[in-house]
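Asks: Using only what follows, build the 3D model:
(2 chains)
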Protein chains: 2
Amino acid sequence: MSRKYLDVDPWKIIESTFDKKNVKSSESIFSIGNGYMGQRANFEEDYSGETFQGSYIGGVYYPDKTKVGWWKNGYPEYFAKVLNAPNWIGIHIKINKETLDLNKLTVNSFQRELDMKKGIYTRKFHATLNNGIEILVHIIRFISLKEDSLGAIEYKITSLNIDCNILIEPYIDAGIVNQDSNWEDAFWKNKSLTNTDLFSGIISETNKTKFEVCTYMSNKLLYDEKIINPSSINKSDNKLSHLFKVNIEKGKTIKLIKLGGYIKKKTKPQLNLFEEAKKLTKRFINIDFNELLSLQIRSWKKIWEVSDIKIEGDLKSQQAIRFNIFHLNQTYSGKDPELNIGPKGFTGEKYGGSTYWDTEAYCFPFYMFTKDQSVPRNLLKYRYLQLDKAIENATKLGFEKGAALFPMVTMNGEECHNEWEITFEEIHRNGAIAFAIHNYVRFTNDFKYLKEMGIEVLIAISRFWSQRFSFSNDKNKYVILGVTGPNEYENNINNNWYTNYIARWCLAYTKYQIKNIKNLYPEDFIKILKKINWNENELRLWEDIIQNTYFPYDDEKKIFIQQDGFLDKEFIPVIKLDKSARPINQNWSWDRILRSVYIKQADVLQGFYFFPENFTNEELEKNYKFYEPFTVHESSLSPSVHAVLACRIGLIDDAYKFYLQTSRLDLDDYNMEVEEGLHITSMAGSWISIIEGFCGMQIINDTLSFKNKLPNKWTSLSFKINFKGSILEVNIIENKINFIWKGESKINIISNDKRITL
Amino acid sequence: MSRKYLDVDPWKIIESTFDKKNVKSSESIFSIGNGYMGQRANFEEDYSGETFQGSYIGGVYYPDKTKVGWWKNGYPEYFAKVLNAPNWIGIHIKINKETLDLNKLTVNSFQRELDMKKGIYTRKFHATLNNGIEILVHIIRFISLKEDSLGAIEYKITSLNIDCNILIEPYIDAGIVNQDSNWEDAFWKNKSLTNTDLFSGIISETNKTKFEVCTYMSNKLLYDEKIINPSSINKSDNKLSHLFKVNIEKGKTIKLIKLGGYIKKKTKPQLNLFEEAKKLTKRFINIDFNELLSLQIRSWKKIWEVSDIKIEGDLKSQQAIRFNIFHLNQTYSGKDPELNIGPKGFTGEKYGGSTYWDTEAYCFPFYMFTKDQSVPRNLLKYRYLQLDKAIENATKLGFEKGAALFPMVTMNGEECHNEWEITFEEIHRNGAIAFAIHNYVRFTNDFKYLKEMGIEVLIAISRFWSQRFSFSNDKNKYVILGVTGPNEYENNINNNWYTNYIARWCLAYTKYQIKNIKNLYPEDFIKILKKINWNENELRLWEDIIQNTYFPYDDEKKIFIQQDGFLDKEFIPVIKLDKSARPINQNWSWDRILRSVYIKQADVLQGFYFFPENFTNEELEKNYKFYEPFTVHESSLSPSVHAVLACRIGLIDDAYKFYLQTSRLDLDDYNMEVEEGLHITSMAGSWISIIEGFCGMQIINDTLSFKNKLPNKWTSLSFKINFKGSILEVNIIENKINFIWKGESKINIISNDKRITL
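Replies: Numbering: from 1, shown residues only, chains lettered A, B, ... in the order given. Here you go, the predicted model:
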């Protein structure tokens, strides 16, 4: 299934007709944000049709009391939810007493555009009101990439056929709720209001978590180049507004400039929020709107300079990858180590805007390769800052001596998920965090990070694994019982190959880095050991496990077995499944899914993706060809890994299919649910598909290696990598690869198996 | 742990001091009922201390909207809960304006007794009010075994030290709630009230399910042998009362007789509830209370004539088994095939008073051996009446062609449970239902039942199994993947030996009975086949499965393996577990429990319990000795099965320990939670422990066999069995067994391996 109603364009997302059915979907797709805050593309003016209102502030959450059918020991008390924040974009409009509401009037033409190059969202429509007035409306909106707390709207109305009276009333509204509230708790409490001609602000506090946020606005109305003052300023419990009344002549335009956004306290306790917001609006309210736009365009230009991937010959691919890169940049800026990348970013409520293993397993490479080193470092620091909570979490589950289990879902480091098969058993997430450390360190050689933070995280994770392995006398090997692997269509299984593999790898990698830190920073090393009460005796068990880990393997088929007993299933390939059964998670009961052979997302193959150096191409091919026919890709994270692996064994057409599936998932609404929000974390998979897939980029011992084979349609591809502090430009034309290196010192790279120096 | 505060007595439960901490526990233990309705032993007068109010009507439930953290396909929409029904026992009392409330005055002496022989509950106390008045109160209460809808209270107050004024106000209160409501829905709606001097009634209707119930009362107050009329009758939305005012002299006694109870509609739609209730009270209100008591005693005498088990030499064992038998009789009378045996009967809310596999696996033998044949037949009919729903249930899970999966928890045949690992996977329950059919038919030879109902149930169950088995090419056998066995401390396991065993047995047994029915009732047989669209081709797959079922077995240890992979666990016996870890379900997180070796209740051993004829004693001993050390018995259903098996291999001391654990579970409050209600279904396990354990009774091809070995303390044991329509009395003195047969025709029995004719 899919639903395609958007135009294809290399730099823009364009909706060129108005269809009420698409309003909620477009609200998701046209979302804007800057890593600090973001919002769905809700209309500024009233809209009485179906809509899903959403505006979010990074890191501001509410601990919603957990809802569960049957309580199990160890379940978390609450689920931290990113909050729907007060609305600052709203503008009530009446034209000769008729409310402007696209649900109720005749829309003659309509166009909205997200200009991804510029970071600007515009909407234009020509409409006839029920009272006969014809108007032209043109709105420009953006959230400043440079000024975290600043959003801006230019709202222009032109009366086309008669002179008329317009009431225009910009407002801020703090009377909002979350759709996904468990118990209909009030999430916010409003603490104080201020309302003057020049500035309005509401300070709200989140219940329980006590985040303080000032939602503000400042308005300027221009008619005939003249500033019009508000005729009244209005105030209720939850809402502040400025009411402007203007009589306009036929053919003339009024223009409202509205600035607004959020300033949050928590991190800066001394802040006077109203004063900060006033300062900000003073700085920007009198700047010409075009000037504001130029600032925004310049900021996005800097982003695109490194982030952009240029594809020629395939407009759909081109648009999709930019759409994905654009949203990844809107979601996470890397400035604040307390923020992370929620699966829906600032585009919806589901999954609570929380942090999942998606960050380390899927998103990390994008930020590492296209941003300053401080950005991936902040992503790693995020977990370091939450290490104590991860240790506490493991302690609750019976582990000891500083063992850490990072949560499946979290805002502040505490576990929020509450299905035992996931919360307690999908423990491979610990491995992905260690893998991201490895990925970062091999790429940057930032051993200082390792000394300051990473080694503690690695040791805590390895302590967990060493306790989580148990010894099977029957197998005479160490086993891991009772887990859920990346394929969540299997629960409480024994010896998930991927989990065993990454667990063992963590132990070996930690051991290796302990030695390095010991050598590089002997004094610091002693301090660390003391702090975490570690001594070398712990290595004995680790070593024993490393030497004696059990891996399910089929000698005849020569494949790794996803878990013990997997071969007992009925092997009917996905292709033979009746269409009415798909997606199986919407059509089958859970037991049927579990006992079926079907794989939700790469599982054994996730291991091949992470560790290409440890397997031969023949092994990869055997395993890929065994598992792919049974993979239903019902996680948005799945196709990209298969794309990369397909490239590695030369199945470019398959990879291309997976690439489109990932990159256009939201644009073409494959799952018919884009209205709930975008799949932000899987967007990183599109980047991976191209760079690690079609371009075959890998880090091999601190050296970048490329092995490219583009889809047939793609005549050329170019992109950049932030490598050793400088930019490496990669151009592929007709599958011939070329590099431009702008760094000061020389670098080695491997290009299609040839070592070259630039 | 345990909490012992009750006196030991052969026929009575006695609490002889007043301790507020014990009020809720005693409310459970002293519960009374008659299979149609029942209630906790709440005080009649006001009590401001901690209490758990509960009065229940069999089969009257409310479909409470399911509460679940993460919805899974196939979950039921609601959980049917037995309702806390309107209160008919309440009596407000004021003495010289002071409310009688045991929480607020000085209790000089207190005694309550449950006389199990007579089915009568009494309470006496001597107290000094804060106003200095000393009173003696004596209350007798019972729920009539003969008249389903009738309860009665005699409430006597004597002033010991001064003349005083007493207000006594019996009431009925329909403003009650369930403690375990998911969403705080209103469960009842009151439809009409009637209130006269002679009779009060409230007709309430359950929301959604529309059960109509009349809660009624009729009062008679006597002082000095004279009837006193109420001074007023009062009425509010939910409450009706009669207010009596009496001045009594020092040393004299007033006596209130209160009749009350419930009449429900649903099954008799023509009933005028008020008229029925009035008729009932008219019949009984003018009978002397002692006469009412005699009627009750006579009814219970009939019950005890067959049900009683007499143990000499061990008072604790004696009291316990009578307590268990008493409550089993209070919970289920066998008159109505729409009723069943809830795990807490009429003594609490938890487990919703619904039907579990407990009925067939544990309770069935008690009712079959001590009641008229119509009683076990009604238990089987209960499932037959719900067969359509069981087919519907299986269809939701993807099964077809008339396959049935009976629910894990139900009131009306629809599944109520909502944990996937239980609801969808604990499918062995289907097997227990078939086993009960087998048990009944071999004991009664009631092939008519089989023709009328049983064969359809068996075929539907076998159809389920035949579809639930899948073929493993790897093992070249039929396997059952993804189940939860009787040991619920393992979830989603493959090839649970017990499940595979009973599933295969169901197929074979159904096949066998199809042949019998075909021979016995050839014409009916054709009709049945038509009705359920069955043809003999289905047998081909069944036969193939029967011939090729996979059973996990360890050649070296010569034991059946609980499930695939079980031997990979760490085998640390329960005895070595730290005490702080017990019970593990309160101390460990679920994943830890799952990957541990610990067994909640008999699992492989459940199979040995059901099918002794299929295994040698050596096999039993090997398996028992392997599994028992890892069994934590954290289900109340577990020790009794182990008791029976321990007897079979001569471990009488162990069996005795298990017997006490089961039979005194509530009396000694081993789990410190008796206040929530009694463990009714596991009480049947006490009966099993004695009769099938110490007396070794088995049915072998329609013949009863005994093999007795009593615990050391027991000098004698006697009991009766309802066998072939007559009574077989069994007396064991000093381990010598003797039989008295009162039937007209001769019977064969096997006594300690010797065949004898009586």
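Asks: hang on, residue A:480 packs against residue A:497?
Replies: No: because the distance of 10.1 Å does not satisfy Cβ atoms under 8 Å, residue A:480 is recorded as not touching residue A:497. All C-beta spots, glycine's among them, are computed from the backbone N, C-alpha and C.
Asks: Pretty sure residue A:145 sits against residue A:296.
Replies: Yes: between residue A:145 and residue A:296 there is a contact under Cβ under 8 Å: 6.4 Å.
Asks: mind checking how far residue A:123 is from residue A:669?
Replies: Remark: distance between residue A:123 and residue A:669 (Cβ to Cβ, to the nearest Å) = 20 Å.
Asks: ditto for residue A:718
Replies: Distance, residue A:718 to residue A:669, by Cβ to Cβ: 29 Å.
Asks: Show me which of these two is the more surrounded one.
Replies: residue A:669 (21 against 16; other Cβ atoms under 10 Å in any protein chain shown).
Asks: Can you tell me the closest non-neighbouring residue to that one?
Replies: In space, and not counting its chain neighbours, residue A:669 is closest to residue A:3: 4.3 Å by Cβ to Cβ, 6 or more residues apart in numbering or on different chains.
Asks: sec struct for the one you found, please.
Replies: Classification of residue A:3 by DSSP: H, G, I helix; E, B strand; the rest coil places it in coil.
Asks: show me what contacts it?
Replies: A:25, A:668, A:669, A:672, A:674 (Cβ atoms under 8 Å, 6 or more residues apart in numbering or on different chains).
Asks: For the stretch 451-600 of chain A, which residues are neighbours of chain B?
Replies: Counting by Cβ under 8 Å from any Cβ of the partner chain, the stretch 451-600 of chain A comes close to chain B at A:470-475, A:479, A:481-482, A:491-495, A:564-565, A:567-571, A:585-592, A:594-595.
Asks: mind listing what's buried in stretch A:5-12?
Replies: A:5, A:6, A:8, A:9, A:11, A:12 (16 or more other Cβ atoms under 10 Å in any protein chain shown).
Asks: Span of it from start to end?
Replies: Across stretch A:5-12, the terminal residues are separated by 14 Å (Cα to Cα, to the nearest Å).
Asks: Secondary structure of residue A:392: a helix, I assume?
Replies: Yes: read with three-state DSSP, residue A:392 is one of the residues of a helix.
Asks: pLDDT at the closest residue to it other than its chain neighbours, what is it?
Replies: Of all residues not flanking residue A:392 in the chain, residue A:414 sits nearest, at 7.9 Å (Cβ to Cβ, 6+ apart). pLDDT for residue A:414: 91.
Asks: pretty sure residue A:414 is touching residue A:76, no?
Replies: Yes: using Cβ under 8 Å, residue A:414 is in contact with residue A:76, at 6.4 Å.
Asks: hmm, back to that, and the residue nearest to residue A:392, what does it touch?
Replies: Residue A:414 touches A:76, A:80, A:389, A:392, A:393, A:407, counting by Cβ under 8 Å, 6+ apart.
Asks: pretty sure residue A:250 is in contact with residue A:163, am I right?
Replies: Yes: assessed by Cβ under 8 Å, residue A:250 is found in contact with residue A:163 at 5.3 Å.
Asks: Mind exporting the C-alpha coordinates of stretch A:304-324 to PDB?
Replies: Output of stretch A:304-324 as PDB, limited to C-alpha atoms (Å, rounded to 0.1, in the frame of the first residue of the first chain):
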ATOM      1  CA  TRP A 304      23.900  21.300   3.200                       C
ATOM      2  CA  GLU A 305      27.500  22.100   2.300                       C
ATOM      3  CA  VAL A 306      28.600  18.900   4.100                       C
ATOM      4  CA  SER A 307      25.400  16.900   4.400                       C
ATOM      5  CA  ASP A 308      24.000  17.000   0.900                       C
ATOM      6  CA  ILE A 309      23.900  13.900  -1.300                       C
ATOM      7  CA  LYS A 310      23.500  14.700  -4.900                       C
ATOM      8  CA  ILE A 311      22.000  12.100  -7.100                       C
ATOM      9  CA  GLU A 312      21.500  12.500 -10.900                       C
ATOM     10  CA  GLY A 313      19.200  10.500 -13.100                       C
ATOM     11  CA  ASP A 314      16.600   9.700 -10.500                       C
ATOM     12  CA  LEU A 315      14.500  12.600  -9.100                       C
ATOM     13  CA  LYS A 316      12.600  10.400  -6.700                       C
ATOM     14  CA  SER A 317      15.800   9.100  -5.100                       C
ATOM     15  CA  GLN A 318      17.200  12.600  -5.000                       C
ATOM     16  CA  GLN A 319      14.100  14.200  -3.300                       C
ATOM     17  CA  ALA A 320      13.900  11.300  -0.800                       C
ATOM     18  CA  ILE A 321      17.500  11.400   0.400                       C
ATOM     19  CA  ARG A 322      17.300  15.200   0.900                       C
ATOM     20  CA  PHE A 323      14.000  14.900   2.700                       C
ATOM     21  CA  ASN A 324      15.600  12.400   5.000                       C
END
